[in-house]
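**Student:** Pasting a predicted model and its sequence here:
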Amino acid sequence: MNTDHDTIVAPATAAGGAIAVIRISGGEAFAVCDRIFRGRRPLAEADGYTVHYGTVAEGDRVIDDVLAAVFRAPHSYTGENSVEISCHGSSYIVSEILRLLTAAGGRMAQPGEFTIRAYLAGKLDLSQAEAVADMIASSSRAAHALASTQMRGGYSEELESLREKLLNLTSLLELELDFSEEDVEFADRTALRATMQRIAAEIDRLRSSFALGNAIREGVAVAIAGAPNVGKSTLLNRLLNEERAMVSEIAGTTRDVIEECANIGGVLFRFLDTAGIRPTDDRLEQMGIQRTMSSIERAQIVIHMVDASTLTGPVPAPDFPLRPEQKLLTVVNKTDKAPAAWRLPEGVVGISAKHGEGIDALCDALRESVDTEALYHGDPVVSNSRHYEALSAAREALGQALEGLAHGLPTDLLSEEIRQVITHLGAITGRGAIAPDEILQNIFSKFCIGK
Ligand SMILES: Nc1nc2c(c(=O)[nH]1)N(C=O)[C@@H](CNc1ccc(C(=O)N[C@@H](CCC(=O)O)C(=O)O)cc1)CN2
Ligand SMILES: Nc1nc2c(ncn2[C@@H]2O[C@H](COP(=O)(O)OP(=O)(O)OP(=O)(O)O)[C@@H](O)[C@H]2O)c(=O)[nH]1
Ligand SMILES: [K+]
Ligand SMILES: [Mg+2]
C-alpha cells in the first residue's frame, strides 16, 4: 500500500446524477488542479472551504464548466489538501477530467484510499472508517443507526475505556515487579479479579450483541418453510409486492432457494423462499429439499407455513429441527379456504397470502421478534465480523488471565496475559499502534472507489 501521500484522484459520485464530483487529495492537490482548471485565481491561492467557478480545458478545448471546492490541510476529510470538482454528470466528462488530472500528476485512487488517509491522519479510527462503508451501504433505519453510532465513535469510546482499565491493571502489576524484592502487592488480587470479571462481562455483552448487529447489517434471515403447495412462494411475492417467485398448483414448483430483501418497520429482512419438504424419489427435488434444510439452519426466524384448507386437526409441529436461539413463527395460510367451523389456534398467525389478509399482522410479528431498543438508544452493537473475532480473542485471553490469577501465576506472566487482551481490543480501533498494511489492505479493499 502506498502511504507516501502522492496526490490521488477518483470519482466520488455514482453515475447517473445531474452533477458528478471528482475528488483530489494530497500534497500537490492544488498544483495538479491548477494545471487543468481555469478560474479567476489559482486554487493554490484560495482559502479553505471556498468554492470557485471556472472551466476545465485541454489546450483550447473546454471540457466543462465546473465548480471547485477547496479544502486546506488539516481541515478536510483526509486531513490533506483536497479539491472537489463538480462537473456535469456525464460519465464521458468524468473520464476526460480524470484523464487530464492523471496527466497533470495525479494518480487514480484505490478503493478506500481517501478513508485510509483519514485514518492515517487520525481523523477516524479503524472501526469508524469501517462504519463509513456501512453507512454508504445502509438501506434501513436500523442499519443506519448501527453504522451511525459506530461512525460517531460510540463503540470506540467503549473499547477505549476497557483498554484503559486493562492498562491500569498492567501498570499496577508491573509496579510490583519493580519492588519484587520487597514482596509487596500493589494490585490487591481480590480487586483485580473483580475488575477483570467486570471487563469480561462487558466483552461478553458486546460479543452477544453481534447476533443482532450482524442480522441488521446483512438483513434478518427469515426462512419460509413447509410442505409443498402451502403457499410459500405466494407469501414471498406478497411481501415483496412483486411476482418474484413462480407460483403454481403443482407441488414441488420451487426448487432452488429464492432470496430477497424487504424493509419492514425500518429493519431489513432477508426472506428465503424454499422448496416444500416431503419424501420424494425425484433427485432434483431432493437437492432442493437439502437446500431448504440448510436455509432453515442459517435463518434467525423460521416461518413454518401450513395450509388451512387441508388441516384436519391441530397445527402439526414442524418436521425440521430448530436451535434454541431460532425463532419459530407458525403461519396458517389460505384462511380463505378454511373449513367453516375452523378457528385460528392461539399463538398462530392466520393469513391469506393470495388475497393479502393477515399480512400486516405477520409483518408486526416479524418486526416484534427483532429487538432494536439498544440500537436506537445508541448502545454499541457489534456488527463487523472482524470486530467479533477480535473480541472473542480478547475474551479468551482474559479467561486465561483469570485462570492464571486463580492459580497464582507469577506477576510478570499475569501482566503479559493482560497485555494480550489489550492487543486484541486495540486491533478493533487500530489505536495504540498503526495497523499493519496487510490488515488495512484487507479492510479497505471492500470500499468503493472514491471513498
Ligand atoms: N462534498 C463532500 N461531502 C461530503 C464529504 C466530503 O468529503 N465532501 N464527506 C466525506 O466523505 C462526508 C462528510 N465528511 C467530512 C468530514 C470532515 C470534513 C472536514 O473538513 N473536517 C475538518 C473540519 C471539521 C470541523 O470544522 O469541525 C477537520 O477535520 O479538520 C469534511 C467532510 C459526507 N459529505
Ligand atoms: N385460496 C388460496 N390459495 C392460495 C393461497 N396462497 C397460495 N395459494 C395457492 O396455492 C398454490 C400453491 O402456491 P405456491 O405459492 O406455489 O406454494 P408453495 O408453498 O410455494 O409450493 P412449492 O414451491 O411447490 O413447495 C397456488 O395455486 C396458489 O395460488 C391463499 O392464501 N389462498
Ligand atoms: K406450488
Ligand atoms: Mg414455492
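**Tutor:** Here it is on my side, so go on. Ligands and ions are numbered 1, 2, ... in the order given.

**Student:** Now do Thr310: how many residues are near it, please.
**Tutor:** Using other CB atoms under 10 Å, Thr310 is surrounded by 13 other residues. Glycine gets a C-beta too; all of them are placed from N, C-alpha and C.

**Student:** Would you agree Val9 falls within a strand?
**Tutor:** Yes. If the criterion is DSSP: H, G, I helix; E, B strand; the rest coil, then Val9 is within a strand.

**Student:** Look up how far ligand 3 lies from it.
**Tutor:** Applying CB to the ion, to the nearest Å, the value for Val9 to ligand 3 is 54 Å.

**Student:** Spatially, what comes nearest to that residue if we skip its sequence neighbours?
**Tutor:** Gly106 (3.9 Å; CB to CB, 6 or more residues apart in numbering).

**Student:** what sits against that neighbour?
**Tutor:** Listed by CB atoms under 8 Å, 6 or more residues apart in numbering, the contact partners of Gly106 are 7-9, 24, 26, 28, 32.

**Student:** can the residues you listed go into JSON lines with extra columns for pLDDT?
**Tutor:** Output for those, formatted as JSON lines (pLDDT from 0 to 100):
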{"residue": "Thr7", "pLDDT": "98"}
{"residue": "Ile8", "pLDDT": "98"}
{"residue": "Val9", "pLDDT": "98"}
{"residue": "Ile24", "pLDDT": "98"}
{"residue": "Gly26", "pLDDT": "98"}
{"residue": "Glu28", "pLDDT": "97"}
{"residue": "Val32", "pLDDT": "98"}
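
**Student:** neighbour-wise, which of the residues you listed leads?
**Tutor:** Neighbour max across the contacts of Gly106 (other CB under 10 Å) = Ile24, 29 neighbours.

**Student:** Next SSE downstream of the longest helix seen in the chain?
**Tutor:** Longest helix of the chain, by residue count under DSSP state H: helix 154-178. Next helix or strand after helix 154-178 toward the C-terminus (DSSP states H and E): helix 189-208.

**Student:** now that following helix against helix 154-178, angle please.
**Tutor:** Going by axes from the mean of the first three to the mean of the last three CA atoms, to 10 degrees, helix 189-208 is angled at 150 degrees with respect to helix 154-178.

**Student:** Would you list the phi and psi of the residue in the stretch 351-451 of the chain positioned nearest to ligand 4?
**Tutor:** Relative to ligand 4, the nearest point of the stretch 351-451 of the chain is Ala353 (10.8 Å; CB to the ion). The phi/psi pair for Ala353 (degrees, to the nearest 10) reads phi -60, psi -30.

**Student:** so it touches Gly231, yeah?
**Tutor:** Yes. The pair Ala353 / Gly231 is scored as a contact, 4.7 Å apart, by CB atoms under 8 Å.

**Student:** who's more crowded, those two?
**Tutor:** Between Ala353 and Gly231, Ala353 has the larger neighbour count (other CB under 10 Å), namely 27 against 24.
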